[in-house]
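3D model of this:
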Amino acid sequence: MLKLGYNGILSETKIAILRDLAKAGGKVSSLESLSDLTGIDKTLLSEHINGSEDSRGLVELGLVEVNRYSRGRLQIEITALGNIVLL
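Residues are numbered from 1 along each chain as shown. Have a look, this model is predicted:
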């Protein structure tokens, strides 16, 4: 992993999410799809993506983007910075 000051911020779980997202072509069409890829429960996955009181999420870190569509559907996509961090 490229060291850009993310060492202390990125947990192994967040790194695994980024890797699985990259392996899936860089984006997924739902939280359910990402849950299937990673094997992580949707609630916990949402915390890693959006953050919580205790930790910054992948969106806030600029490593993924979330696009929301009608009926609660969303697309989660790794950013260029997210790909660089995986190098």
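
what packs against the strand or helix carrying Leu81?
Using DSSP states H and E, Leu81 maps to helix 80-85. In terms of contacts (3 or more CB pairs under 8 Å, 6 or more residues apart in numbering; DSSP states H and E), helix 80-85 is packed against helix 12-23. Every residue, glycine included, has its C-beta placed from N, CA and C.

what about 10 Å?
helix 12-23, strand 64-68 (3 or more CB pairs under 10 Å, 6 or more residues apart in numbering; DSSP states H and E).

any idea how far Val59 is from the nearest residue to Leu61 once chain neighbours are set aside?
In this structure, Leu61 finds its nearest non-sequential neighbour in Ile9, 6.6 Å apart by CB to CB, 6 or more residues apart in numbering. Distance, Ile9 to Val59, by CB to CB, to the nearest Å: 13 Å.

Which one of the two is surrounded by more residues?
For the pair Ile9 and Val59, the greater number of neighbours falls to Val59 (16 against 13), based on other CB atoms under 10 Å.

wait, what's in contact with the more buried one?
Val59 makes contact with 48-51, 65-66, 76, 79, according to CB atoms under 10 Å, 6 or more residues apart in numbering.

Any quick PyMOL command for the buried ones out of those?
To isolate the buried ones among these in PyMOL, judged by 16 or more other CB atoms under 10 Å, type:
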select buried, resi 48+49+76+79
